[in-house]
Each structure stands twice: as structure tokens, then as C-alpha cells.
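A.B. asks: Only the shape, not the letters, is given here:
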């Protein structure tokens, strides 16, 4: 095979089946120019083949009508800190309604899992028989990716009949404690957790640029407020530009644009921004909305001591 340009090596995906699993094998080849911090991860292509499970089966299509089987995916050129989304349409060909689950394994080399993460926007609801469901895969690249010349990993999409289980009651966070952004009690499909060594706990959460045009990304944190008084909510944030430099924040109600925190001009570094709230005592939901795509959240600190500045 003729070798492509160094900046655009190709790679192949292969699907394998494990009884009730649709197994996608992803083989990637990366070329990383030396001495450049913003190097491109080369372009990729994918080959997919499917085999059905015994009682419930899946098919994957390019179109919502289920007329064109998905056989190849082109990811384009990837960069550190970038997230790329690809849409597919999954059809339940089985005789019962089914839930789907996504998992990855067989990362090679193993440390690749530190730098790449794959998620999707599937909301957990069951697919009816013959239903075609639009789903989006999101491949996120850490800004710290290094020393990777080639890698592979497998993706499992499981189809199984499951009985619903009640969601556990979350243990609320307290005031005057640091809360990691990725530890939200609820993260919807528009928000993505990304590995980053410069973030507290090695991760942050954000709405990737261009992924949430209607600003629907939500994070919820159950917080126990001990005394009714003024509290300051601090967010450790990272702004990429003036088009991604704020969140909307409120308690117990979905924030609107006017509930903004941030909107400052400190770009390219992690820094703290804050907003004051008059809160009643008791357990309340801190709700953070993705007001602008590209805004990154690392940590949260809530205090009634208005003289304290978190670190």
C-alpha cells in the first residue's frame, strides 16, 4: 500500500462480534512532529463490519432511514485538546426492546487510554423493535498526548434486556470543600470529561466546541447548605476565547443566560471566577449550564466566607 503523507497516515476500524457485543476494533497510526506543541494527529479512516447477536441484533447505518450501512468513518485531522464527533444510526433488529451500553478495552499501548477518551450521546432509553436511533460518538484527545506512535482499542456496544433500577440518592457535597467538576451527580450527553494533567484530579469537564449549539449541556451537584445566608460559588475555569468564556449557574432551577459566571478576558490559563447567591439552608442542586461551547470546568468551591480565595 502506498504510504500517505506523514501528517495524514490512515487507519482502519474493524468490527468483531462477541455474542451480544458489537465489537469495533479501531487501529490508529499517529505521526507526531518533534518540537511542536500543537502537532496534528493524522487523519484516520475506518472499516466496519457487523455480525448479529443471537436473540437481539444491531445494524448501524449512515442515514436515519436505514438504507446505507455504515462501513467507513473518516475522522479527519485530530489535534491535542480536540474532540471529534461522528453520527451513526443504530437499529434494533431484535424481538424485544433493548438498552445499549458503550465500553472500550484492549488499549494498546495501555497508556493510550490516558490520552484518548470515547463517549457518546446515548441517553440510556431503550430502543423499540425495529427502531433506528441516532447516536453520536465523541473522540476526545488530551492536550498532553505524547510518545504515541501507533495504537489500537476495541469498542463494545452491548444489546441486552435490562430491568430499570432506581437511581441511588446522591451523597451531597458540603460547603468549604473542593468539588471536582467531573464528579457531578448528573452529567448530560452534551458535556464531556477530558483527561488533562494540568487539571485538578487530572480531568476537567466541558462542552466541546460546536457540540452544543443550543447550550443544553448541564451539570448537577447536590450540595448541603448549613445556614441561610450569602454564599460565593467559585469555579476553576479555562477559556479558549471570547466565544467560550462563561457558564450559567443557579440553584434548583435551570440557569438562564443572565445567570452567567465568568465572561472575563483571561484566556489560555486555569483561573477562578465567582458569583454570590442568597441560599436557604438544606440540600440544594447546584446547576451549571454550558452557556458557551468550549468553556472548561475543573473545580468548584462554595463558601460563606467571602474573604476566602480558593487555590
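C.D. replies: That came through fine. Since the structure is predicted, the reported quantities are computational estimates derived from the model, not experimental observations.

A.B. asks: Could you pull up the residues touching residue 258?
C.D. replies: residue 248 (Cβ atoms under 8 Å, 6 or more residues apart in numbering). All C-beta spots, glycine's among them, are computed from the backbone N, C-alpha and C.

A.B. asks: Tell me if it really is in a helix.
C.D. replies: No: with DSSP: H, G, I helix; E, B strand; the rest coil as the criterion, residue 258 is assigned coil and is not in a helix.

A.B. asks: State the distance from the residue nearest the centre of the chain to residue 82.
C.D. replies: The residue lying closest to the centre of the chain (Cα atoms, centre = their mean) is residue 192, at 2.1 Å. When distance is defined by Cβ to Cβ, to the nearest Å, residue 192 is 11 Å away from residue 82.

A.B. asks: quick one: common contacting residues for the two?
C.D. replies: Between them, residue 192 and residue 82 share the contacting residues residue 140, judged by Cβ under 8 Å, 6+ apart.

A.B. asks: circling back: isn't the residue nearest to the centre of the chain right next to residue 138, touching?
C.D. replies: Yes: between residue 192 and residue 138 there is a contact under Cβ atoms under 8 Å: 5.9 Å.

A.B. asks: Mind listing the shared neighbours of the two?
C.D. replies: Contacts common to residue 192 and residue 138, judged by Cβ under 8 Å, 6+ apart, are 83, 119, 208, 211.

A.B. asks: Can you lay out these as JSON lines showing secondary structure and neighbour count?
C.D. replies: Shown next, in JSON lines, are the shared contacts of residue 192 and residue 138 (DSSP: H, G, I helix; E, B strand; the rest coil; neighbours: other Cβ atoms under 10 Å):
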{"residue": "83", "secondary structure": "strand", "neighbour count": "19"}
{"residue": "119", "secondary structure": "strand", "neighbour count": "20"}
{"residue": "208", "secondary structure": "coil", "neighbour count": "22"}
{"residue": "211", "secondary structure": "coil", "neighbour count": "21"}
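
A.B. asks: which residues does residue 143 contact?
C.D. replies: Counting by Cβ under 8 Å, 6+ apart, residue 143 touches 80, 81, 196, 198.

A.B. asks: Can you say which of those residues are buried?
C.D. replies: Buried members of the contacts of residue 143, scored by 16 or more other Cβ atoms under 10 Å, are 80, 81, 196.

A.B. asks: Can you tell me how far the spatially closest residue to the second one that is not a sequence neighbour is from residue 115?
C.D. replies: Meaning residue 81. Leaving aside its sequence neighbours, residue 81 sits nearest to residue 143 (Cβ to Cβ, 6 or more residues apart in numbering; 4.1 Å). Per Cβ to Cβ, residue 143 is found 9 Å from residue 115.

A.B. asks: how about the strands in the stretch 151-300 of the chain?
C.D. replies: 178-180, 186-187, 192-195, 203-206, 218-225, 229-238, 246-251, 260-262, 270-279, 282-289, 296-303 (DSSP state E, counting those that start in this stretch).

A.B. asks: Residue 59 is nearest to which of those strands?
C.D. replies: strand 192-195 (26.7 Å; Cβ to Cβ).

A.B. asks: what distance separates that closest one from the centre of its chain?
C.D. replies: 5 Å (Cα atoms, centre = their mean, to the nearest Å).

A.B. asks: thought residue 272 was touching residue 233?
C.D. replies: No: Residue 272 lies out of contact with residue 233 (Cβ under 8 Å); the separation is 10.6 Å.
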